[in-house]
Structure formats: C-alpha cells, structure tokens
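Novice: coordinates only, sequence not included:
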C-alpha cells in the first residue's frame, strides 16, 4: 500500500474566470457572500507512474481530503461528484476559462460540515492509469453549484500540517509471464443470419484477463479482426450470408500485457436462412391402375439439409388432403378406389425448422381411370394443350 501526496492541486471559480488559485486552499460548492467567487471546483493530480509499478494490480484506491471550513457551519451533507480529467492543466496557470476537459461521473461522496477526512473511491480510475487505459491528467471534483451560499474548503498540498490531500492505493505486484488461454465456445452447425458468438478463458499466470480479441473468416478465407480488446465475453455476429461457413478464433491479453497467440479454428457455423425447396416428380397424364408410386425430391441449397417432407393431394380440384406427414421417405404407394384427376404438392422442412410454404399450385397430377371411360378434366394444367399421343379430343 502507498500513500501519495499530490503533485498539483488547485481550484477554479466561475466569478473569477481568469484568476488562478494554485497556492490556495481547495474550495468547493458556491460562494455567494463577500467578494462572491461563484461556483468552485477542485483539481488534483498525483504521480502514479513514478510510484506504482506497471505490473501492479490495483485492489483499492481512495482520494482523501481533509475539510478545513464549512459554510454554513452545520450544513447537511453536500453531494460531490468526481470525474477523471481528460486533458492537461497546470497548477499555476489553470483558470475557469482554461478548465480542462473531463469525463463522466466516476464516483460520488457526501461531504458533511464536520472538520474531518472525506474520501472518494477511485479504484477504477487509478487502475486505468496503471494499466495504461488512459493518461493521468488527475481528477476534478464538482459540488453543489446552485446559486446560494454553500461551500467547503479543504487543505491543499501547500499546508504545513499533515492534512494535505492524499491518494491511498492498495495494490499487488504479479509476476506473470504466461499469456491467457482463451477459446471460442462451440456454435451450432447451422445458424440464423444474426447469431451469438461467445468465448471464455483463464490466465495461468494469475494476473487476470484484461481483454479479448476475436477474429472470423468466411469459407476458409483470410482471417478478419472482428472485435479488438473487448471485455465482453459474447457478442452478436450480424448479417451472415446464406450457405456460407463462418469460423471463429479468439485470444486473450492479460493485465500485465502478455498476449496469447492465435490458434486454429475454434468454432464454426453455416448460416441457413432460406427454407428448402421440393416438388413431386412428374406423373403420367393417365394412370390405369388404382395404385401407383408417387415420388418427390428436394434441395436445401447449402443449408442445414432437409429434415422431412409433407405431401398432400386433391381430387378434381377439391380441398387439399395431407397424405404423407413429416416423412423422410422420397416415395410412397398411392392407393385409390375413385377415378378422377389427382394432383400433388410437396413441401420440405430443414434441420433448422425452416418451412417451405405450400403454394396451392400442384407440382404434378394424373388422371386415374380404372372403372368406366372418363372424359379428361380439361381444366387441369397437366392435360390442356397436350398434343402428344393420347391427348384429349375436343
């Protein structure tokens, strides 16, 4: 554990937009009496790189400020938010008009009126400085800036007492020269257009995984970076193309910078977004027996393959009747005792459950004539305009 004094601290005041207060105490809130300084914000910076090793893992970090003054003297707790500063500033030059940029709220603390120590949990901020996630420009504290007399004053680094600001950091140093071991979790053989890819891993060196890189390739082509140094362990892969093979691999980077080498394919899936197609194969125009074989075939066009077929028929243009349901066969014996025009239609369902629609239009048909002579049904598309042998006479 280390306790660091600041290397720079000051405050800025809205009603003194061009005045620097680098040698003063640290004021927070709103000053609305006397010379009226207006809104007041605190800036503070510590030397992290010179005091905490690069391979340290930050367990806890606290910014501690000692209150020297409160107005009103018995005021309720003031909410004070801390933000990470995102640009450089100088203790002896910064003013309200030269205020550095800052990020969103990183942490919050309540500052009462008791002359005591107050602290902000800045573990994530300091960890980011140590591991190089962002540069160290210090921290900014903003209090209650509504127009009123409500302010706090803290001791600055210029104090001759022991009440100077301090950053207390608890960290461990990890000796780790082993990279993480990461793999993409198995995918189903076939997937929809958008599908979730997940990965997981461990770090044998014990420093912990900082982030992941994930690559993909299509149909065995070149590897492409998909995600770079992400902390998430899953993501949706978008806009896959039907019938194409998508392969994935991942690697890990640990908190001390060890990078795992990429391996081979770790997970793969084929995108299947189109239903299969099928049809009943052509039948003769006339059938002179009460039973005959009906055959059908289908194709899933590079998808997950056909799981089963449904076959239906109708007699003389009447309602459709489901004949073969969820069958894996590609032919069956059709038996009837009634003469007439029998028309057939097929549909297929693939392994992903994608269903081909029945269209209502027959794939093929035949006239069964085993009893007395039957005038062909001229409305059938399989009988009209047939000029070959055995064509109906008009």
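Specialist: Sure thing, it's come through. This one's a predicted model, so the numbers in the text were calculated from it and none came from an experiment.

Novice: Hmm, residue 41 is touching residue 151, no?
Specialist: No - look at residue 41 against residue 151 with CB atoms under 8 Å: they stay out of range, at 11.3 Å. To be clear about C-beta, it is placed using only N, CA and C from the backbone, and glycine gets the same treatment.

Novice: Checking my notes, residue 128 in a strand, right?
Specialist: No - assigned with DSSP: H, G, I helix; E, B strand; the rest coil, residue 128 falls outside any strand and is helix.

Novice: What is the burial count for it?
Specialist: 18 (other CB atoms under 10 Å).

Novice: Which residues are in contact with each of residue 41 and residue 151?
Specialist: Common contacts of residue 41 and residue 151 (CB atoms under 8 Å, 6 or more residues apart in numbering): 28, 143.

Novice: Can you give me every residue that contacts the closest residue to residue 370 other than its chain neighbours?
Specialist: Distances taken as CB to CB, 6 or more residues apart in numbering place residue 290 nearest to residue 370, at 5.1 Å, with adjacent residues excluded. With contact taken as CB under 8 Å, 6+ apart, residue 290 is in contact with 335, 336, 337, 368, 370.

Novice: any chance of those in JSON lines, with pLDDT, secondary structure and neighbour count too?
Specialist: Formatted as JSON lines, the contacts of residue 290 follow (pLDDT from 0 to 100; DSSP: H, G, I helix; E, B strand; the rest coil; neighbours: other CB atoms under 10 Å):
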{"residue": "335", "pLDDT": "97", "secondary structure": "strand", "neighbour count": "9"}
{"residue": "336", "pLDDT": "95", "secondary structure": "coil", "neighbour count": "16"}
{"residue": "337", "pLDDT": "91", "secondary structure": "coil", "neighbour count": "9"}
{"residue": "368", "pLDDT": "96", "secondary structure": "strand", "neighbour count": "22"}
{"residue": "370", "pLDDT": "91", "secondary structure": "coil", "neighbour count": "14"}
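
Novice: Adding distance to residue 69, write the residues you listed out as a markdown table.
Specialist: Formatted as a markdown table, those follow (distance: CB to CB, whole Å):
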| residue | distance to residue 69 |
| --- | --- |
| 335 | 102 |
| 336 | 103 |
| 337 | 107 |
| 368 | 105 |
| 370 | 111 |
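
Novice: how about the stretch of helix or strand residue 313 belongs to: buried residues?
Specialist: Element membership for residue 313 (DSSP states H and E) is strand 306-315. Residues 306, 307, 308, 309, 310, 311, 312, 313, 314, 315 are the ones in strand 306-315 that count as buried (16 or more other CB atoms under 10 Å).

Novice: Distance of residue 59 relative to residue 204?
Specialist: Per CB to CB, to the nearest Å, residue 59 is found 21 Å from residue 204.

Novice: What of residue 65?
Specialist: Going from residue 65 to residue 204 by CB to CB gives 41 Å.

Novice: Looking at these two, which one has more neighbours?
Specialist: Neighbour count, other CB under 10 Å: between residue 65 and residue 204, residue 65 has more, with 26 against 12.

Novice: Spatially, what comes nearest to the more buried one if we skip its sequence neighbours?
Specialist: Spatial nearest neighbour of residue 65, excluding adjacent residues (CB to CB, 6+ apart): residue 154 at 4.3 Å.

Novice: And the pLDDT for the one you found?
Specialist: Residue 154 is assigned 98 on the pLDDT scale.

Novice: before we move on, what about residue 257?
Specialist: For residue 257, pLDDT reads 87.

Novice: quick one, what contacts it?
Specialist: Applying CB under 8 Å, 6+ apart to residue 257 gives no contacts.

Novice: what are the phi and psi angles of it?
Specialist: The phi/psi pair for residue 257 (degrees, to the nearest 10) reads phi 100, psi 0.

Novice: how close does it sit to residue 131?
Specialist: For residue 257, the distance to residue 131 - CB to CB - is 9 Å.

Novice: Strand partners (parallel or antiparallel) of the lengthiest strand in the chain?
Specialist: Assignment by DSSP state E gives strand 56-71 as the longest strand of the chain. Paired neighbours of strand 56-71 in the sheet (DSSP bridges): strand 117-121 (antiparallel), strand 150-154 (antiparallel), strand 166-173 (antiparallel).
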